[in-house]
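Student: The following block contains a protein sequence and its predicted model.
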Amino acid sequence: MSGSLRYVLFAAWVVALASTPVWADNYIVRLAITVAMYTALVQSWNFIGGFAGYPSFATAAFFGLGSYAGALTQIAGLPSVFAWLFATVLVGAFAALFGAIILRLRGHYFAIASFGVVEVVRLVISSWGSLTGGGDGLNVPLVTGSPNAVAQTFLVVMIALMLIVFVVTVVVDRSRLGFGLRCIQQNEDAADMVGVDTTRYKVIAFALSAMFCGTIGAAYASWTGYIDPSDSFSVVMTVKIPVICLLGGPGTVLGPVVGTAAFLVLEEVFWSNFLEYNRAILGAVIVVIIFLLPGGLLKIPLREVFARVRRRDNNTTAAT
Amino acid sequence: MTGILELKGVSKSFGGIRALNDVSFTLTEGEIIGLIGPNGAGKTTLVNVITGTSHATSGKVLFGGDDVTKQRPYQAARRGLSRTFQIVQPFPRMTVLENVAAGALFGDVSSKGDVKSAMEFARAQLEFTGLTDYADRPASNLTIASRKRLELAKSLAMKPKVLMLDEVNAGLNSGEIDGALTLIRRIADLGITILLIEHLMKVVLSLAQRVLVLHHGELIAQGTATEMVNDPRVIEAYLGQKFSRRAQEGKIHG
């Protein structure tokens, strides 16, 4: 997809999401908040999973840690924006530290280790009852205002986060860092041989993929007003995020945006129409899409499809 | 003429196997040196130890006077110790140009470090190696001969001081080998020191000013190419004692 077209598409999508309070009901506004939040999470995952090609299942660890860091600092009296910033820095530092250890593993081994990070953090948070409330969860100071006003605030917050991560993605994509990560993704040994400091690049990618999840987790905690370990460190999230990215197109700028939109719309459609089997149907659809389009939805050869349709039209007109 | 790369008593063991045993030699700046030896002699292990892919069990590797024994591969690349692989290692889904640009962007410490100037420098290397027509093709589409050229272009883009060519001519037909020979000579003309690891005697004889012979991990002989071809120890290493003796007798009687 050409450079300027993708920015136009993205801008149109942002406007569509941001204007939902004007033209849609609360259900759609809530969906728009979720879309923006998931887009930002998937874009974050894209740094390590897409660009560097390291299949991380650690998103829930960063999201959950961020939500607890944000909640606890807010309870301690920090204004929400500063609490979110604190969560960002803390989670980024945490990821850099853990990344330096587990990024020595490759492929499936790394995937399992990253999954382990989620479990470790979850167990620590749920066992440390005196600080985190354990299984009872935590009540986060509520944002004051009418439900509609609160929803609009968080719509703006999540869209802003989505925009920030998008800009960072564009910058990384064009920079030396993105180039090096792509080298690592395609052939790590060769990357090392041409002079890429692979360890440093992987740690940077991992920290980048983590820190915004921390912000989003903290903002999510403020939005819902209540967090507990099973919600913050959900296995479903940790699997969903990579799947969405693969669906859209890993390692591309627009892939996470397209993937999230497609996934959440499909999820809503199946959920509202097939209450009992929606997960099974959704799972099957995703398997089929990823199987037929290993490069993601963005890799559909649109030009060829159009050309073929046009040829067919021409043939029919010629025949008549 | 000064020594640019020096190995001092380098040994490398994998468990109980000694892949390299007390190897010492010096490369002089600007020369082309051949490294030959039968299969499993330790040639590739030697290159791995020099470029930091694996580390010497004992002994020292000195580059420009600095001890680089414990360096990591990316550090070797940035220092100017560049190599090509026996089994080519491209970035398969990148274009040929991007592959070479990766070398310029990360391996060349004198570069500005931005993607655009790396691409420009990469174009010059494609021109030099005759790959300009393939610039926008994915690297995985190239023929073996072109892939080997790509390896060379990628290494050159890193502005190396020493270039180690691990069997760049293996798997090429004789026409392609002639092309590669010309290219290697032109690289040497740039003042780059070349360590040529080869099976093909034709290549070694026509290029190398000096030849090192490795056998069972030990440096058994060194000298000019013609000396080495007639050296009984070398013949023995390749063909066994019987032939070595016969060759000697042949010399006496003939």
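Tutor: The structure has been received and is ready for your questions.

Student: Around chain A, which positions in chain B sit nearby?
Tutor: When proximity is defined by C-beta under 8 Å from any C-beta of the partner chain, chain B lies next to chain A at B:51, B:53, B:72-74, B:77-78, B:83, B:85, B:89-94, B:98, B:101-103, B:105-108, B:113-115, B:154, B:158. For glycine as for every other residue, the C-beta is placed from the backbone atoms N, C-alpha and C.

Student: Repeat the analysis, applying 6 Å as the threshold.
Tutor: Residues of chain B lying near chain A by C-beta under 6 Å from any C-beta of the partner chain: B:73-74, B:77-78, B:89, B:91-93, B:102-103, B:105-107, B:113, B:115.

Student: In ChimeraX, how would I select the buried members of those?
Tutor: ChimeraX command restricting the residues of chain B next to chain A to the buried ones, with burial defined by 16 or more other C-beta atoms under 10 Å in any protein chain shown:
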select /B:73,74,77,78,89,91,102,103,105,106,107,115
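
Student: ok, which stretches of the stretch 1-150 of chain B are strands?
Tutor: For the stretch 1-150 of chain B, applying DSSP state E, counting those that start in this stretch gives strands covering B:3-14, B:17-28, B:32-36, B:58-63, B:66-67, B:81-84.

Student: coming back round to it: mind checking which of the residues of chain B next to chain A are in helices?
Tutor: B:73-74, B:77-78, B:102, B:115 (DSSP state H).

Student: Farthest-apart pair in the residues you listed, please.
Tutor: Within those, B:73 and B:115 form the most distant pair, 22.0 Å apart (C-beta to C-beta).

Student: picking that back up, okay if I get the strands of the stretch 1-150 of chain B as a markdown table plus mean neighbour count, distance to residue B:139 and mean pLDDT?
Tutor: Shown next, in a markdown table, are the strands of the stretch 1-150 of chain B (neighbours: other C-beta atoms under 10 Å in any protein chain shown; distance: least, C-beta to C-beta, whole Å; pLDDT from 0 to 100):
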| stretch | mean neighbour count | distance to residue B:139 | mean pLDDT |
| --- | --- | --- | --- |
| strand B:3-14 | 18 | 29 | 92 |
| strand B:17-28 | 17 | 30 | 91 |
| strand B:32-36 | 25 | 27 | 91 |
| strand B:58-63 | 18 | 29 | 94 |
| strand B:66-67 | 10 | 33 | 92 |
| strand B:81-84 | 27 | 14 | 90 |
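
Student: Can you tell me which of those strands is nearest to residue A:26?
Tutor: So among those, strand B:81-84 is nearest, using C-beta to C-beta, at 61.7 Å.

Student: Parallel or antiparallel, list what pairs with the closest one.
Tutor: Paired strands of strand B:81-84, with direction, are strand B:162-166 (parallel) (DSSP bridges).

Student: Kindly export the helix or strand just after the partner strand (C-alpha atoms) in PDB.
Tutor: Proceeding N to C from strand B:162-166, the next assigned helix or strand is helix B:174-189, under DSSP states H and E. Output of helix B:174-189 as PDB, limited to C-alpha atoms (Å, rounded to 0.1, in the frame of the first residue of the first chain):
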ATOM      1  CA  SER B 174      33.800 -22.500 -14.600                       C
ATOM      2  CA  GLY B 175      32.400 -19.400 -16.300                       C
ATOM      3  CA  GLU B 176      31.000 -18.100 -13.100                       C
ATOM      4  CA  ILE B 177      34.300 -18.900 -11.300                       C
ATOM      5  CA  ASP B 178      36.200 -16.700 -13.800                       C
ATOM      6  CA  GLY B 179      33.900 -13.900 -13.100                       C
ATOM      7  CA  ALA B 180      34.300 -14.300  -9.400                       C
ATOM      8  CA  LEU B 181      38.100 -14.400  -9.800                       C
ATOM      9  CA  THR B 182      38.100 -11.000 -11.500                       C
ATOM     10  CA  LEU B 183      35.900  -9.700  -8.800                       C
ATOM     11  CA  ILE B 184      38.100 -10.900  -6.000                       C
ATOM     12  CA  ARG B 185      41.100  -9.300  -7.700                       C
ATOM     13  CA  ARG B 186      39.300  -6.000  -8.000                       C
ATOM     14  CA  ILE B 187      38.400  -6.200  -4.300                       C
ATOM     15  CA  ALA B 188      42.100  -6.800  -3.400                       C
ATOM     16  CA  ASP B 189      43.000  -3.800  -5.500                       C
END
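
Student: Check which residues of helix B:174-189 are buried.
Tutor: Judged by neighbour count (16+ other C-beta under 10 Å), helix B:174-189 contains these buried residues: B:176-177, B:179-181, B:183-184, B:187-188.

Student: Name the residues of the stretch 151-300 of chain A found near chain B, please.
Tutor: A:176, A:179, A:183, A:186-187, A:190, A:192-197.

Student: Nearest residue to residue A:217 in space, please, no chain neighbours.
Tutor: Distance criterion C-beta to C-beta, 6 or more residues apart in numbering or on different chains; nearest residue to residue A:217, sequence neighbours excluded, is residue A:66 at 2.9 Å.

Student: Nearest approach to residue A:163 belongs to which of the strands of the stretch 1-150 of chain B?
Tutor: Comparison of the strands of the stretch 1-150 of chain B against residue A:163 by C-beta to C-beta identifies strand B:81-84 as nearest, at 41.7 Å.

Student: Output the ones in helices among the residues of chain B next to chain A as TSV; include the columns distance to residue B:13 and pLDDT.
Tutor: Output for these, formatted as TSV (distance: C-beta to C-beta, whole Å; pLDDT from 0 to 100):
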residue	distance to residue B:13	pLDDT
B:73	20	92
B:74	25	93
B:77	25	93
B:78	28	93
B:102	33	94
B:115	42	88
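
Student: how about the residue nearest to residue A:217, what does it touch?
Tutor: Residue A:66 makes contact with A:87, A:91, A:214, A:217-218, according to C-beta atoms under 6 Å, 6 or more residues apart in numbering or on different chains.

Student: and it, what pLDDT?
Tutor: pLDDT, the model's per-residue confidence, is 96 for residue A:66.

Student: residues contacting residue 71?
Tutor: Just so you know, I chose chain A. Contacts of residue A:71 by C-beta under 6 Å, 6+ apart are A:138, A:140, A:221, A:227.

Student: wrong one, I was asking about chain B
Tutor: Residue B:71 neighbours (C-beta under 6 Å, 6+ apart): residue B:52.

Student: and residue A:182, how many neighbours?
Tutor: 21 (other C-beta atoms under 10 Å in any protein chain shown).

Student: How many residues are close by the closest residue to it other than its chain neighbours?
Tutor: Once flanking residues are discounted, residue A:182 sits nearest to residue A:51: 6.2 Å by C-beta to C-beta, 6+ apart. Counted with other C-beta under 10 Å, the neighbours of residue A:51 add up to 26.

Student: likewise residue A:159?
Tutor: Using other C-beta under 10 Å: residue A:159 sits among 22 other residues.

Student: now the helix or strand where it lies: how far from the chain's centre is it?
Tutor: Element membership for residue A:159, per DSSP H and E: helix A:147-174. Averaging C-alpha positions (C-alpha atoms, centre = their mean, to the nearest Å) puts helix A:147-174 12 Å from its chain's average.

Student: Then stretch B:55-72?
Tutor: With C-alpha atoms, centre = their mean, you get 17 Å for stretch B:55-72.
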